[in-house]
Structure formats: C-alpha cells, structure tokens
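Peer 1: output the structure for:
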Amino acid sequence: MSENPTPDAGDAVRQLPQGKLPILALSALGIVFGDIGTSPLYTFKTILGTAEAPSDAGTVLGALSLVLWTLLIIPTVKYVSFAMCVDNDGEGGILALMALLGVKKRQRPTIVAVGLFGAALIYGDGAITPAISVLSALEGFNMAAPALQPYVVPAAVVILLALFAIQSQGTAAIGHLFGPVMLLWFVTIALMGISGIVRQPAVFAALNPVYGLSYLFSHGATGFLVLGAVFLCVTGAEALYADMGHFGRGPIKLAWFAIVFPSLILNYAGQAALVLEGAPTDGNIFFRLCPEFLLLPLIVLATVATIIASQSIITGAFSMTRQAIQLGWLPRLRIKQTSSEGYGQIYVGVVNWLLMIVTVGLTIGFGKSDNLASAYGIAVSLTMLMTSALLFIAMRDIWGWALWAAGSVAVFFFIVDSAFFFANLTKIAEGGYIPLLLAICVYGVMWIWHRGAAAVSVRMHEALVPVPEFMARIAEKKVPRVPGTAVFLTRAERDTPPVMVWHVKHNRALHEHVFVLRVEILSVPWVTPRNRMTIEQVAPNFWRAEARFGFMERPQIPELLTTSKSLGCTVDLDDLTYYVGRETVVRREDGLGLPTWQERLFGVMERNAVHVSDFFSLPTDQVVEIGRQVAI
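Peer 2: Now for the predicted structure:
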C-alpha cells in the first residue's frame, strides 16, 4: 500500500448525501451540532466566574456582546461562509484540507505538518468534551436536589463508562433519534432564553460590538482572561466543516441558520437577562432560566443531549483515525463496521479505550465542569488558528484571489484566532497542558510511523529485479510452474515484487498465472469505479495492476478483482492464492538508518498494526504470509 500525492483530477468523485434537505438538516443536528449546542450549559457561568463584578451591567452586556460576535465571526463567517466553500471533493475538515493543499496540489511538507498537528489537537478536545459536557448537565442536580451533589462525579463516570462500552455495538439502532432529540434541545433552550429576554429586553443592547470591545480593553488582564472563557461558546465549530462530507454544505447551513444559531443567541441573551434582573451568579445560570417544576426533565434532557454530543465527538475521532490511516500517517488499526447503513458507522477499539481512560481520568481528576473549563479551549483555538493559515493558502491557490484580498480576510481571522489562542494560553498551568500533551503524543506517533514507513519503502526499492530478468532466471533454473493464480501484494511501483522473489527462492515454484497488485491511497476522498484499477500484461501470464482508493474508502481486494476480466485479465478467480509480506524491522548496521529510538518505536507499531491481509479483507484460507527482515 502506498500514498499517491498527485492523483489525476479525474480520479475523484463527489459522493452526494442522499435525502431531502430538511431531513438531512435534522440528521445534522444530531451529529454536527452536539458540542457547540450544549456549550450554553457551562460557557456563560464560566465567563462570569472569571470576570470581576459579575453582576455589573457593563460586565454582563460586555460578556454577552463578546459571545454573540464570536458566534457570528467564527462559526458563521469563517466556517459556514468560507471554510465550507473549500472542500476536497466533498469532504471537509483539517485533514481533508491538508490533503488538498499539502499533497494533492503539490508537495508541501510544512502544510502537511500543520494539518497533522491540527488533527492531533482534535484528539485532545475529544477527550475533554464528553467529560465537561456530562458533568455540566448532571450539575443541575446541585440546584434540583443539593443532597445529590456528592453523586454527580460518580454518576458522570458511570455514564461515560457505559457510553464508551457500547461503542463496539454501534449506534445505528438509536442514531435516528439523535436529530429529533437535539431539535427538542434547541427549541427548549431557545424558549428558556426568550423567557429571560422578555423580563429584561435591555440585553439587546449587547448586539452593539462596542459593549464587548469596551469591556475587553477597559479591564486589563481580567478582560483578556475573560476572552479565554468566551471561546468556550464556539468549541465544536470545527465540526461544521469536518462533517460536511456526511451531509453536504446545504443541510449544515440550513440547520445552523434556521435552528442552532438563533437558539444559541436567544439562550445566551436569556442568561444575561437573568443576571441583569438580579439573579445570583453562583451555581449554574443556565438552569436558573428553567421553571422549578420543569428542572428535573430539563436535567434529563441536558444529560441526553450531552451524551449525544459526546457520541459525535467519539465518532469523529474514529472517522479521523481512519482518514489518517488511509493517508499513511497512522499504523493500520482494526476497524469494525458497525452498520451497513452508513460508511461512517465504524468502531476503532484502540482509540475508543484510550479516549475512555483519558476522559474518565479527567472527570475524576477535575471533578467539576468549572475546573475542566480551565483545560478546555486551548487545543481547539490552536486548531482554528491552523485552519486559518490553510484557508489563506486555499484562497490563493483554489479561488485565485489576489494577495491583498486573501491577506485581508486571513489577517482578520488571524487576529481573532490569535486573540483567543493567547487568552487560552493562560490556562496551561491550570490543565491546558493536558490536551497539548495528548496532541504532541498523537503527532509523535504519526511522524514516527510515516518516517518508518518511508524508510521501509526506500529499502524495498533498493534491490528490485526487472521483470524480464526475473522471468529469464525462472526459465534458466527451470523453476516449476504450478496450476493456479498467485496474487502478490506489493509496495513496489515497478519491477518484480520482493515478496515474489522470496517466494520463488524458498518454495522453488511459481504459479502458472501471476497477478501483481499495488494499492494506492489517493489524497482524494473517493475514486470513480472507472478509475479504480488499471491492468497491464508485462509478460506471458504475468499481469501488473494498480488499484486506487480514496482516503474515505474501505479497500476490498477480493471484490475489486472481480472486475479484472473486464479489463483484459484472464486469471482464474476461483483458484487464487494471495501472497503478502510480513516485515520484521531491524536496525541498519551502516549508520545510515533511522535513529535507534525511532526504529524501535516504529518496530513496536509495525508489530502491533493490523496485518495487511485483514486491512484489505483478504480471505484467511487463501493467504500465504512470507516473513522477511527489513533494515531501516
């Protein structure tokens, strides 16, 4: 398997989501907007908890103004209006953008590094989101039944453990309920907000950005710290772009403008109105908007909404992991398809259990959503900053904008993103180091795996034997040709596959028909069936084929070979034996290889990676593995 950095444009095909626009928009509510949709549970209380004189009208209106304009600038303008117009054949997200700009258009190592680190940061966010969301929902019991306060953390741990435990079963059976439940959630928080606004219509003054800027620049260091708390209102905005391939641009825009954006604005305004009216700022302001007799149903609804938000984050981590594997930046991991209804219904056990350990550890270690808010935001803000850098390149390369035009837009986004990033940097000592450490670890795994895989590929190409020379040896040594067809999987782009050479050397026989297959993972999400495979006959009864898959596809080699006859290949598909290599990585003795620590770490990953026969869904009773050592 290899990565092709420069696929032909004709190889790509846009996979359009199927369904009516309102139905897709409803589905998007349950997948895309869970994280940003549950942020009112903890954002405004965190802002006022950070500010001085939280009950002061100037503080409340300034905080609300900053929240409203942040929601307008980042999700609405940056992601919906700009980022979602730059897609990699229908797919969005920082990895798809990286593949488009840093690989597909031309080789740009810096862009690849930026995109990969941005993706690694999302894993850090993915560990914190379930913890802070579920905790903030359950903390409503502190108001409804204060005696239950000691049980909030244990209950959150039980819910999170159950959530991660059911991942292997998939969510297809209940997934269709996510959209309606989130619709009920957004309608509920909008009505709650309206109930607060009608008591204090003065909150509409916060639509004037002067209130936000005045507070920001007149409160010194405190104003800067508040900006870090304000950023919590847009955590999850990256999902609008990352999930574009699942639903399409139209449904996500419809859901955002028709339901999510208005509901968030109304709820934040309602919370501000409540404080202006004189409500205490201690405890959770969100739940104070609710009539007392409806508080318990609201807590239940909030808990379900946060579970759905957490599910979306976990599913997103699975999907991003598969993209990174397909692009050659992570070891092959065992991926289980949990439903035939959708390609995105997958389960990656290693990612699931690692996320569970970190998330439960954070829940127990921090204990309160207020404490977790200190660790939240730094990873997301840095990812958004990197996305802005990639968008500038996209405006120049994809849209052909003049430097001044692209630069003006990019500078505006950079100023906003940088302000939030530097404000969040103040959280490092309070827990912000956790997502950064997670991101560094993930990025380190990606970097070492890619370096090791590249070193193996180089070594494999050093001793290739041309096909005519190899076939001449076969004839000269009178190597027997046995009935049947041998399919050799190879990384080599030319000549005789090393696995074939080793097979003949040790078994002293070769099948009558030989089929050499090299699989390319392109930097596009999907490949059209007509461009899926090319075959050429390089010698009598000797065919070489190249199969192409997008980074969002699942390679199925046996199914692919059924199309070989239509391409002029006459191999007998009923009598196939697959030959694959199993490399054992060892250290080079000439001092020209990878540093020892990198070689050892890559060797550990290689030994624990899913074998290529499983990755390509080869039938186990037709596979022969040939072991060999590769010095890197």
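Peer 1: switch to C-alpha atoms for all contacts and neighbour counts from now on
Peer 2: Will do.
Peer 1: got a list of what the residue nearest the centre of the chain touches?
Peer 2: When the chain is reduced to its mean C-alpha position, the nearest residue by Cα atoms, centre = their mean turns out to be residue 320, at 3.3 Å. With contacts taken as Cα atoms under 8 Å, 6 or more residues apart in numbering, residue 320 has the following neighbours: 95, 119.
Peer 1: residue 94 versus that one, what's the distance?
Peer 2: As judged by Cα to Cα, to the nearest Å, residue 320 and residue 94 stand 10 Å apart.
Peer 1: shared neighbours of the two, anything?
Peer 2: With Cα under 8 Å, 6+ apart, residue 320 and residue 94 have common neighbours residue 119.
Peer 1: state the pLDDT value of residue 255.
Peer 2: pLDDT, residue 255: 93.
Peer 1: how many neighbours does the closest residue to it other than its chain neighbours have?
Peer 2: If you skip the residues right next to it in sequence, residue 255 has residue 25 as its closest partner in space, 5.2 Å away by Cα to Cα, 6 or more residues apart in numbering. Residues within reach of residue 25, counting by other Cα atoms under 10 Å, total 25.
Peer 1: the helix or strand where residue 25 lies - contacts with which helices or strands?
Peer 2: When elements are defined using DSSP states H and E, residue 25 is found to belong to helix 21-31. Other elements packing on helix 21-31 under the criterion 3 or more Cα pairs under 8 Å, 6 or more residues apart in numbering; DSSP states H and E are helix 178-197, helix 244-247, helix 249-255, helix 295-326.
Peer 1: any chance of the ones you listed in TSV, plus distance to residue 362?
Peer 2: Rendered in TSV, the data for the helices and strands packed on helix 21-31 read as follows (distance: least, Cα to Cα, whole Å):
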stretch	distance to residue 362
helix 178-197	26
helix 244-247	30
helix 249-255	31
helix 295-326	14
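Peer 1: give me the secondary structure label for residue 569.
Peer 2: coil (DSSP: H, G, I helix; E, B strand; the rest coil).
Peer 1: can you tell me which residues contact it?
Peer 2: 535, 537, 543.
Peer 1: max-length strand in this structure?
Peer 2: strand 510-522 (DSSP state E).
Peer 1: and that one, which strands flank it?
Peer 2: Strand 510-522 pairs in its sheet with strand 2-4 (parallel), strand 481-490 (parallel), strand 542-549 (parallel), by DSSP bridges.
Peer 1: could you look up the next helix or strand downstream of the second one?
Peer 2: Remark: after strand 481-490, the chain's next helix or strand is helix 498-507, criterion DSSP H and E.
Peer 1: and stretch 51-63, end to end?
Peer 2: Length of stretch 51-63, first residue to last, Cα to Cα: 9 Å.
Peer 1: strands of the stretch 501-632 of the chain, residue ranges please.
Peer 2: Counting by DSSP state E, counting those that start in this stretch, the stretch 501-632 of the chain has strands at residues 510-522, 533-539, 542-549, 576-586, 623-631.
Peer 1: format the ones you listed as a markdown table; extra columns: mean pLDDT and mean neighbour count.
Peer 2: Written out in a markdown table, the entries for the strands of the stretch 501-632 of the chain read as follows (pLDDT from 0 to 100; neighbours: other Cα atoms under 10 Å):
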| stretch | mean pLDDT | mean neighbour count |
| --- | --- | --- |
| strand 510-522 | 88 | 22 |
| strand 533-539 | 87 | 15 |
| strand 542-549 | 89 | 21 |
| strand 576-586 | 86 | 19 |
| strand 623-631 | 83 | 15 |
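Peer 1: nearest to residue 437 among those strands would be which one?
Peer 2: Distances from residue 437 to each of those were compared using Cα to Cα; the shortest belongs to strand 576-586, at 28.0 Å.
Peer 1: ok, residue 86 touching residue 396?
Peer 2: No. Taking Cα atoms under 8 Å as the definition, residue 86 is not a contact partner of residue 396, at 11.5 Å.
Peer 1: the more surrounded of the two?
Peer 2: Taking residue 86 and residue 396 together and counting by other Cα under 10 Å, residue 86 has the greater number of neighbours (22 against 15).
Peer 1: give me the phi and psi for the more buried one.
Peer 2: Dihedral pair for residue 86: phi -110, psi 100, per degrees, to the nearest 10.
Peer 1: for residue 240, see how far away it is.
Peer 2: The gap separating residue 86 from residue 240 is 13 Å, by Cα to Cα.
Peer 1: check the burial of the closest residue in space to residue 183 that isn't next to it in sequence by counting its neighbours.
Peer 2: Using Cα to Cα, 6+ apart and skipping the chain neighbours, the partner closest in space to residue 183 is residue 29 (6.8 Å). By other Cα under 10 Å, 26 other residues sit near residue 29.
Peer 1: and what of residue 606?
Peer 2: Other residues lying near residue 606 total 20 when counted by other Cα under 10 Å.
Peer 1: got CSV for the strands paired with strand 510-522, with distance to residue 21 too?
Peer 2: Written out in CSV, the entries for these read as follows (distance: least, Cα to Cα, whole Å):
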stretch, distance to residue 21
strand 2-4, 35
strand 481-490, 43
strand 542-549, 29
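Peer 1: closest to residue 244 out of these?
Peer 2: Checking the strands paired with strand 510-522 against residue 244 by Cα to Cα gives strand 542-549 as the closest, at 20.0 Å.
Peer 1: CA atoms only: put the closest one into CSV for me.
Peer 2: Output of strand 542-549 as CSV, limited to C-alpha atoms (Å, rounded to 0.1, in the frame of the first residue of the first chain):
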residue,chain,number,x,y,z
PHE,A,542,2.1,-12.1,-15.8
TRP,A,543,-0.1,-9.0,-15.1
ARG,A,544,0.6,-5.9,-13.1
ALA,A,545,-2.3,-3.9,-11.6
GLU,A,546,-2.7,-0.7,-9.7
ALA,A,547,-5.8,-0.2,-7.6
ARG,A,548,-6.7,3.3,-6.3
PHE,A,549,-8.8,4.1,-3.3
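Peer 1: and the contacts of that strand?
Peer 2: Contacts for strand 542-549 (Cα under 8 Å, 6+ apart): 513-522, 526-527, 531-538, 555, 569.
Peer 1: next one: stretch 594-602
Peer 2: Contact partners of stretch 594-602, identified using Cα under 8 Å, 6+ apart, comprise 448, 449, 452, 455, 585, 586, 587, 632.
Peer 1: wait, which of these is closest to residue 331?
Peer 2: Distances from the contacts of stretch 594-602 to residue 331 were compared by Cα to Cα; the smallest belongs to residue 449, at 6.6 Å.
Peer 1: and the pLDDT for that closest one?
Peer 2: Reading off the per-residue confidence, residue 449 sits at a pLDDT of 91.
Peer 1: any idea which element it lies in?
Peer 2: helix 433-462.
Peer 1: one step back: among the contacts of stretch 594-602, who's most crowded?
Peer 2: Highest count within the contacts of stretch 594-602 by other Cα under 10 Å belongs to residue 632, 27 neighbours.
Peer 1: contact partners for that one?
Peer 2: Taking Cα under 8 Å, 6+ apart as the definition of contact, the neighbours of residue 632 are 452, 455, 456, 459, 585, 586, 587, 588, 593, 594, 599.
Peer 1: what about the third one, distance to residue 492?
Peer 2: If I follow you right, that is residue 456. Distance from residue 456 to residue 492, counting by Cα to Cα: 11 Å.
Peer 1: okay, these two: which has more neighbours?
Peer 2: For the pair residue 456 and residue 492, the greater number of neighbours falls to residue 492 (20 against 17), based on other Cα under 10 Å.
Peer 1: so what's the more buried one closest to, chain neighbours aside?
Peer 2: The shortest distance from residue 492 to any residue that is not its chain neighbour, by Cα to Cα, 6+ apart, is 6.4 Å, and that residue is residue 461.
Peer 1: what's the answer for residue 60, then?
Peer 2: residue 272 (6.0 Å).
Peer 1: so that neighbour touches residue 204, yeah?
Peer 2: No. Look at residue 272 against residue 204 with Cα under 8 Å: they stay out of range, at 10.1 Å.
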